[in-house]
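Colleague: Following is a predicted model, sequence given first.
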Amino acid sequence: MVFYISMAIALGFVVWGFISPTTLGSTASLVLGGIVDQFGWVYLVTALGILLFSLFIAFSKFGKIRLGEDSEKPEYSNFAWFSMLFSAGMGIGLVFWGVAEPMYHYLQPPLGITPESAESAVMAMRFSFFHWGFHPWAMYAVVGLALAYVTFRKKKACLISSTLYPLLGEKSKGAFGSFVDIMAILVTIFGVATSLGLGALQVNGGLSYLFGVPVGYVTQIIIIVAITLLFVLSATSGIDKGIKTLSNANIALATAIMVLVLLLGPTSFIFEIFTQSLGGYVQNILEMSLRITPIQKDPWISAWTIFYWAWWISWSPFVGTFIARISRGRTIKEFVLGVLVLPAIFCFIWFSVLGGTALNFEIVEGLNISEAVLTDISTGLFATLSHIPFGSIISFAAIFLITTFFITSADSATFVLSMFSSKGDLNPKNSVKILWGVVQSMIAIVLLISGGLSAMQSISIIMALPFLLIVVLMCISIFKAVKEEYN
């Protein structure tokens with residue numbers, strides 16, 4: 001029933017989008033407005049609570065509990081584990097926003113800060129660190145920890161509903177449990193479809209910037225269809241052959257691009273802005289976590305922070321499940337700190353290198369990167385790379401990186417969706433993987449033609465709201481379970 005109901009809802013959404021994309025887009029915007037006005041604070045408070053809980057559980061006496069038998073060792077090496085969890089957890093978004101987000105904050109800063117000023121440049125990098133730092137990875141860590149614990153320690157099915165068993169008992173297997181699993185599937189579909197849409201936009205933007213390929217729905221749909229064939233092929237080849245190989249390649253290529261830009265770009269400026277931004281982020285993390293504007297009604301908070309928290313929440317079922325699937329044998333402390341700290345540091349370095357280079361070119365050298373970002377947000381990265389030596393070669397490598405991240409994220413999501421709709425089977429059938437892969441791509445196409453980036457943001461925030469409660473219940477459930485075990 002979980003499979004059929006979730007598939008029916010997803011296909012119904014696809015039909016609606018193809019028949020009346022304008023109505024879909026306008027309805028999503030209307031619902032979004034109500035959610036942000038009434039529940040924006042819920043996203044902020046919940047995200048901070050999840051971060052604090054993950055740190056508590058890692059450094060508590062429960063941190064020594066192993067996710068599996070007491071004598072088990074980790075299934076994958078540290079490098080392979082990190083590569084897979086990072087590729088699944090960030091992927092396309094990191095490449096898409098690496099230049100675009102700092103430039104947008106510099107041009108359109110929050111809370112009355114003067115645009116295109118030294119203060120807005122500092123704030124731009126600080127909020128980029130904030131949006132891609134510890135909060136999103138804490139969401140992944142909590143969901144992944146709950147799943148890994150009940151799956152490998154308590155021998156339950158690898159389902160989101162199983163994480164509530166310590167709290168709800170047999171009720172987690174009934175109608176409420178099915179509802180939870182259906183919500184996890186729907187949230188995953190729309191969260192990943194948003195990233196697939198972003199990937200298509202940026203691949204199209206890069207091909208246009210480098211080779212003059214036309215920008216438009218036709219090109220973007222062709223890109224989605226072509227990459228769908230690749231990630232479905234990868235998904236059907238299994239974790240060890242498909243996802244693991246691509247993830248290792250992703251990290252190697254992303255690191256190579258970062259190092260080249262660091263060495264060929266404004267090296268000293270990058271190190272300085274990394275140091276300043278990291279210090280500002282750590283010093284102001286609590287204030288930024290709870291920043292909302294009930295009096296000024298600044299739309300910046302909903303357009304950026306609330307969107308991001310909703311996006312990460314929508315990704316947490318599939319990323320958390322995938323991380324759980326590859327984390328057997330690790331202790332709770334090792335798991336949480338590995339998921340929370342290492343990827344966040346990589347993101348900080350990425351934004352310092354790419355975003356810092358763009359800000360340097362804009363502010364110090366007057367190269368007007370902002371014009372490219374405002375004209376077409378997907379070309380900001382390529383406009384920046386064009387001003388460093390071997391920029392065309394690095395840009396081509398970046399398009400390849402976007403493609404492989406595209407494949408890895410969709411591959412991982414397809415695998416997890418198949419698990420959710422196959423009663424938690426850790427090795428679901430290829431036919432189910434193929435079906436979910438096609439549905440994800442169809443929804444990405446629907447979101448593109450229904451309003452592009454705006455429609456993607458709206459749907460992500462809307463779908464994430466009900467799942468917030470489920471994540472809170474997970475925290476309570478996992479604490480209850482480890483407390484009972486330890487005692």
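Modeller: Sure, I can see it.

Colleague: Just name the shakiest helix or strand of this protein by mean pLDDT.
Modeller: helix 78-89 (a mean of 76; mean pLDDT, DSSP states H and E).

Colleague: Residues contacting that one, please?
Modeller: Residues from elsewhere that reach helix 78-89 (C-beta atoms under 8 Å, 6 or more residues apart in numbering): 74, 76, 136-137, 140, 239, 243-244, 246-248, 250-251, 315, 318-319, 322-323, 326-327, 338-339, 342-343, 346, 405, 408-409, 412. No exception for glycine: its C-beta is placed from N, CA and C like everyone else's.

Colleague: export it as CSV, just CAs?
Modeller: The C-alpha coordinates for helix 78-89 follow below in CSV (Å, rounded to 0.1, in the frame of the first residue of the first chain):
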residue,chain,number,x,y,z
ASN,A,78,36.7,6.2,5.9
PHE,A,79,37.4,7.7,2.5
ALA,A,80,34.8,5.7,0.7
TRP,A,81,32.3,6.3,3.5
PHE,A,82,32.9,10.1,3.4
SER,A,83,32.8,10.3,-0.4
MET,A,84,29.5,8.5,-0.6
LEU,A,85,27.8,10.4,2.2
PHE,A,86,29.0,13.8,0.9
SER,A,87,28.1,13.1,-2.7
ALA,A,88,24.6,12.0,-1.6
GLY,A,89,24.2,14.9,0.8
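
Colleague: Moving C-terminal from it, which element do we reach first?
Modeller: helix 92-107 (DSSP states H and E).

Colleague: how many degrees apart are the following helix or strand past that next one and helix 92-107 in direction?
Modeller: Using DSSP H and E, the helix or strand that directly follows helix 92-107 along the chain is helix 118-131. Helix 118-131 runs at 160 degrees relative to helix 92-107, counting by axes from the mean of the first three to the mean of the last three C-alpha atoms, to 10 degrees.

Colleague: Show me what helix 118-131 is packed up against.
Modeller: Applying 3 or more C-beta pairs under 8 Å, 6 or more residues apart in numbering; DSSP states H and E, we find helix 118-131 packed against helix 92-107, helix 267-289, helix 332-359.

Colleague: could you give the mean pLDDT of it?
Modeller: Average pLDDT, helix 118-131: 95.

Colleague: now it and helix 267-289, what's the angle there?
Modeller: Using the same axes, to 10 degrees, helix 118-131 lies at 70 degrees relative to helix 267-289.

Colleague: Would you mind pulling up the elements that whichever helix or strand comes after helix 118-131 packs against?
Modeller: Scanning forward in sequence from helix 118-131 by DSSP H and E, the next helix or strand is helix 134-148. Here helix 134-148 touches helix 21-59, helix 78-89, helix 307-325, helix 332-359, helix 452-486, going by 3+ C-beta pairs under 8 Å, 6+ apart.

Colleague: Tell me which of these sits most buried.
Modeller: helix 307-325 (a mean of 28; mean count of other C-beta atoms under 10 Å).

Colleague: Now do that helix against helix 267-289, angle only.
Modeller: Using the same axes, to 10 degrees: helix 307-325 against helix 267-289 is 100 degrees.

Colleague: just checking, residue 433 touches residue 414?
Modeller: Yes - with contacts defined as C-beta atoms under 8 Å, residue 433 counts as touching residue 414 at a distance of 5.1 Å.

Colleague: Of those two, give the one with the bigger neighbour count.
Modeller: residue 414 (31 against 22; other C-beta atoms under 10 Å).

Colleague: and that one, what does it touch?
Modeller: Counted by C-beta under 8 Å, 6+ apart, residue 414 has contacts 231-232, 235, 433, 436-437, 440.

Colleague: ok, back up a step: figure out which of the helices and strands packed on helix 134-148 is closest to residue 261.
Modeller: helix 332-359 (5.2 Å; C-beta to C-beta).

Colleague: so after the closest one, what's the next helix or strand?
Modeller: helix 369-375.

Colleague: helices and strands around that following helix, which ones?
Modeller: helix 92-107, helix 380-385.

Colleague: Restricting to C-alpha, output the shortest one in PDB.
Modeller: Output of helix 380-385 as PDB, limited to C-alpha atoms (Å, rounded to 0.1, in the frame of the first residue of the first chain):
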ATOM      1  CA  GLY A 380      28.000  32.600 -12.100                       C
ATOM      2  CA  LEU A 381      30.500  29.700 -11.600                       C
ATOM      3  CA  PHE A 382      31.500  29.800 -15.300                       C
ATOM      4  CA  ALA A 383      31.800  33.500 -15.400                       C
ATOM      5  CA  THR A 384      34.200  33.300 -12.400                       C
ATOM      6  CA  LEU A 385      36.300  30.500 -13.900                       C
END
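
Colleague: How about it, which residues are buried there?
Modeller: The neighbour-count check on helix 380-385 (16 or more other C-beta atoms under 10 Å) flags 380-385 as buried.

Colleague: What of stretch 420-429?
Modeller: Quick answer for stretch 420-429 (16+ other C-beta under 10 Å): 420-422, 424, 428.

Colleague: Run through who's touching it.
Modeller: Under C-beta under 8 Å, 6+ apart, the answer for stretch 420-429 is 2-3, 6-7, 151, 156-160, 162, 181, 184-185, 188, 238, 317, 321, 325, 415, 418-419, 432, 436.

Colleague: quick one: residue 333 and residue 59, what's the gap?
Modeller: Computed as C-beta to C-beta, to the nearest Å, the residue 333 to residue 59 distance reads 7 Å.

Colleague: same question, residue 10
Modeller: Taking C-beta to C-beta, one finds residue 10 at 40 Å from residue 59.

Colleague: Then residue 345?
Modeller: From residue 345 to residue 59 the distance is 18 Å (C-beta to C-beta).

Colleague: and what of residue 168?
Modeller: From residue 168 to residue 59 the distance is 27 Å (C-beta to C-beta).

Colleague: Next: residue 67.
Modeller: 17 Å.

Colleague: where in the chain is pLDDT low?
Modeller: 87-92, 234-244, 294-297, 451-457, 460, 487 (pLDDT under 70).

Colleague: can you tell me which residues contact residue 144?
Modeller: 319-324, 327, 335, 339.

Colleague: For my notes, please list those in TSV and give distance to residue 352 for each entry.
Modeller: Formatted as TSV, the contacts of residue 144 follow (distance: C-beta to C-beta, whole Å):
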residue	distance to residue 352
319	24
320	27
321	31
322	27
323	25
324	30
327	28
335	27
339	21
